[in-house]
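S.K.: mind looking at a prediction? Sequence and model below.
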Amino acid sequence: KRALSAATRSIARDRELEVRFGGEVAGIVKGRALLPNPTEDIDEATAAKLRGKADAIALRLALHDSETHAGALPPGTRGQQIFEAAEQARCEAPGARAMKG
């Protein structure tokens, strides 16, 4: 958990980022990174998936601007869903190019 938290803070470029573990879903809640709680006997594939979720959250925190995003948000639920997916892909693209996995 310590290594994953440190890597998440580093990628997010935020030394003070609070990284919490618990629940089943990864996400950003009130500026905190929330990750699923790893089991004691975590296997390599599960660890890689958890690291991928942490990296996605960290990249979003590092590259996303909430005010700009809100100002460009299109009307309608479907348009907003598409816009949100495109923003997540935009934030994750540097990681896809530069990070293994």
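M.R.: Cool, the structure landed. The structure displayed is predicted, hence computed values, not measured ones. Numbering: from 1, shown residues only.
S.K.: grab the longest helix from the protein for me.
M.R.: In terms of residue count, the longest helix belonging to the chain (DSSP state H) is helix 77-98.
S.K.: other residues contacting that one?
M.R.: Residues outside helix 77-98 that contact it (Cβ atoms under 8 Å, 6 or more residues apart in numbering) are Ile11, Asp55, Ala56, Leu59, Arg60, Ala62, Leu63, His64, His69, Ala72, Leu73, Pro74. For glycine as for every other residue, the C-beta is placed from the backbone atoms N, C-alpha and C.
S.K.: what's the spacing between the last one and Glu87?
M.R.: Note on Pro74: its distance to Glu87, by Cβ to Cβ, to the nearest Å, is 12 Å.
S.K.: who has more neighbours out of those two?
M.R.: A direct count of neighbours by other Cβ atoms under 10 Å for Pro74 and Glu87 places Glu87 higher, at 18 against 10.
S.K.: the protein: helices as residue ranges?
M.R.: Ranges of helices within the chain are 2-12, 44-63, 66-72, 77-98, based on DSSP H.
S.K.: quick one: average confidence on the longest one?
M.R.: Per-residue pLDDT values across helix 77-98 average out to 90.
S.K.: output the below-cut-off pLDDT ranges for this protein.
M.R.: In the prediction, the chain carries residues with pLDDT under 70 at positions 100-101.
S.K.: related to what we said a few turns ago, pull out the buried residues from the contacts of helix 77-98.
M.R.: Ile11, Asp55, Ala56, Leu59, Arg60, Ala62, Leu63 (16 or more other Cβ atoms under 10 Å).
S.K.: got the CA positions of stretch 59-70 in CSV?
M.R.: What follows is stretch 59-70, C-alpha atoms only, in CSV (Å, rounded to 0.1, in the frame of the first residue of the first chain):
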residue,chain,number,x,y,z
LEU,A,59,-3.1,11.1,-14.3
ARG,A,60,-6.6,12.6,-14.0
LEU,A,61,-5.5,14.6,-10.9
ALA,A,62,-2.4,15.8,-12.6
LEU,A,63,-3.9,16.7,-16.0
HIS,A,64,-7.6,17.6,-15.5
ASP,A,65,-8.8,21.1,-14.9
SER,A,66,-12.3,21.0,-13.3
GLU,A,67,-13.2,24.6,-14.2
THR,A,68,-12.2,24.3,-17.8
HIS,A,69,-14.0,21.0,-18.1
ALA,A,70,-17.2,22.3,-16.5
